[in-house]
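Asker: with the sequence up front, the predicted model follows.
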Amino acid sequence: MEGCAEEGQVMLLGVDYSPFVVRVRIALALKGIDYDFIQENLQSKSELLQKSNPVHKKIPVLIHNGKPVCESMIIVQYIEEAWDNKAPNLMPKDPYDRAIAHFWAAFIDDKLIPSILGTCRGQGEEQQKAVEESVANLLLFEEVLESTGKTYFGGDEIGLVDIALGGLLVTIQTAMKVTDIVLIETQKMPLLCAWADQFCKDDKVKEALPDRAKLFEIMSARRAKDRNEEVDR
């Protein structure tokens, strides 16, 4: 959903295949917020991006009425607070539940993402260790779903943890195809697989997900480059 919003000027700087950008696009889509999507060239970053995120010069950056907000999960929280009058609620209202959601969102960024990257970029024993860590990390989310008995991590509706993990889903699924490694399987993680299917089928989520063929091409090229660099060492 793109364009100038009644809530004010909203722009998102990013690339459509980035899982971090996907998180933000999901949150905007769920809230029904119109925005202009500015496709960045990461090999030649725009002046606007460098000015909007002078510390890291990274995507995504949300610009709302001229004010930039950086880092995907900080942006998602900002979206919830700036448009708290719009359903659905992306953050739990209860302070304890909100703290738990923040814990799992941080776990995804601090533990799960590095292990997933290791499965894509690693070789031999290093890759195998990353696969084992990734599966162990994903099994924890299977346990969370089992303990709550809910459709989503946010309960009956998509919430913060769903966005944090769901933004990575297509990337994880594509990584499995590129590496021919199984990280999420129905037998070991039936609830997580059901959650993934339900999440990706949501009409608003679907419009924010990256093109799978394009992502496969990008990740295959990156994988080949990493393997060639390993051989050259």
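Answerer: Good, I have the coordinates.
Asker: quick one: secondary structure of Ile38?
Answerer: Of the three states, Ile38 takes strand according to DSSP: H, G, I helix; E, B strand; the rest coil.
Asker: for it, give me its contacts.
Answerer: Met11, Leu12, Leu13, Gly14, Ser46, Leu48 (CB atoms under 8 Å, 6 or more residues apart in numbering). For every residue, glycine as well, the C-beta is placed using N, CA and C.
Asker: one more: Ala213?
Answerer: If a contact means CB under 8 Å, 6+ apart, then Ala213 has no contacts.
Asker: now name the helix or strand holding it.
Answerer: Ala213 is part of helix 212-232, with elements assigned from DSSP states H and E.
Asker: would you mark the buried spots in that helix?
Answerer: For helix 212-232, burial by neighbour count (16 or more other CB atoms under 10 Å) applies to Leu215, Phe216, Ile218, Met219.
Asker: let me know the closest of the contacts of Ile38 to Val61.
Answerer: Using CB to CB, Leu13 comes nearest to Val61 of the contacts of Ile38, at 4.3 Å.
Asker: list the beta-bridge partners for the closest residue to the closest one other than its chain neighbours.
Answerer: Nearest residue to Leu13, sequence neighbours excluded (CB to CB, 6 or more residues apart in numbering): Val61, at 4.3 Å. Note on Val61: beta-bridge partners by DSSP bridges are Leu13, Cys70.
Asker: hmm, Asn53 and Val61 touching each other?
Answerer: Yes. Applying CB atoms under 8 Å as the test, Val61 and Asn53 come out as touching, 5.1 Å apart.
Asker: contacts only, for the residue nearest to Leu13.
Answerer: Leu12, Leu13, Gly14, Leu49, Ser52, Asn53, Pro68, Val69, Cys70.
Asker: would you mind measuring from the fifth one to Ala208?
Answerer: Here Ser52 is placed at a distance of 21 Å from Ala208 (CB to CB, to the nearest Å).
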